[in-house]
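Visitor: Provided below for reference: sequence and predicted model.
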Amino acid sequence: MFSKPRQIKKYRRKGRNFIATNKIKPEQWQISNREAEQALKIKGYQIKQIKKIHCLKHQVCISYWDAAGNVCSSFFSYRIFGRWQKEVESLIYTCQALKEWAKINYVMKHEFAYYSYPTEIEDALRAALENRLQVLKLTIQQAVYQTFY
């Protein structure tokens, strides 16, 4: 007789992804038709030609003709693009202290939990985080040894 109250998503705190923290600004990217077509084909879409690309703050709207000749339009995450991977890797490799690395690692854990990444990109970013951590630890050890000797 009575319907169940609809479930409301829990409040998410701001600043838990790279776009919200203004570390990456993908709305300023000039995504080419070729780049968008390549990303959508990797996602499994049958693309004949890209019609229009409109970059928003947190996602990109892409209109395209599919293999049957129909015009399709949908919103996609910036995380499907190779450029996203390059931007995140540059953030990882430019951090100079363990504290900065810890903040990036925290955001990456949230990213991996809430957003779907292609497996290749996720594996590459995890490897970059681990590599940077090892470099930072080694740098700290060298600094400690140099101060004592």
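Guide: That came through, no problem.
Visitor: list the buried ones in the top helix by length along the chain?
Guide: In the chain, with assignment by DSSP state H, the single longest helix is helix 119-148. Buried residues in helix 119-148, counted by 16 or more other CB atoms under 10 Å: 121, 122, 125, 128, 129, 132, 133, 136. In this view, the C-beta of every residue, glycine as well, is placed from N, C-alpha and C.
Visitor: list the residues that contact the third one.
Guide: In this case it means residue 125. By CB atoms under 8 Å, 6 or more residues apart in numbering, the residues touching residue 125 are 85, 88, 89, 92, 108, 117.
Visitor: ok, of those, which one's closest to residue 45?
Guide: Residue 45 lies nearest to residue 117 out of these, by CB to CB, at 17.2 Å.
Visitor: returning to what we had before: would you turn the buried residues of helix 119-148 into CSV with distance to residue 98 and pLDDT?
Guide: Converted to CSV, the buried residues of helix 119-148 look like this (distance: CB to CB, whole Å; pLDDT from 0 to 100):
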residue, distance to residue 98, pLDDT
121, 24, 88
122, 23, 90
125, 18, 94
128, 16, 95
129, 12, 95
132, 10, 94
133, 8, 94
136, 5, 91
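Visitor: now, the most widely separated pair of those?
Guide: 121 and 136 (22.4 Å).
Visitor: pLDDT below threshold where in the protein?
Guide: Applying pLDDT under 70 to the chain flags the ranges 1-15, 144-149.
Visitor: residue 65 in helix, strand or coil?
Guide: Put simply, residue 65 is strand when judged by DSSP: H, G, I helix; E, B strand; the rest coil.
Visitor: residue 48 is in contact with that one, correct?
Guide: Yes: in this structure, residue 65 is within contact of residue 48 by CB atoms under 8 Å, at 4.4 Å.
Visitor: quick check: the residue nearest the centre of the chain vs residue 108, distance?
Guide: For the chain, the residue sitting closest to the mean C-alpha position, by CA atoms, centre = their mean, is residue 79 at 3.9 Å. Separation of residue 79 from residue 108 (CB to CB, to the nearest Å): 12 Å.
Visitor: residue 32: how many residues sit nearby?
Guide: 11 (other CB atoms under 10 Å).
Visitor: wait, I meant residue 66
Guide: So residue 66, with other CB under 10 Å, has 14 neighbours.
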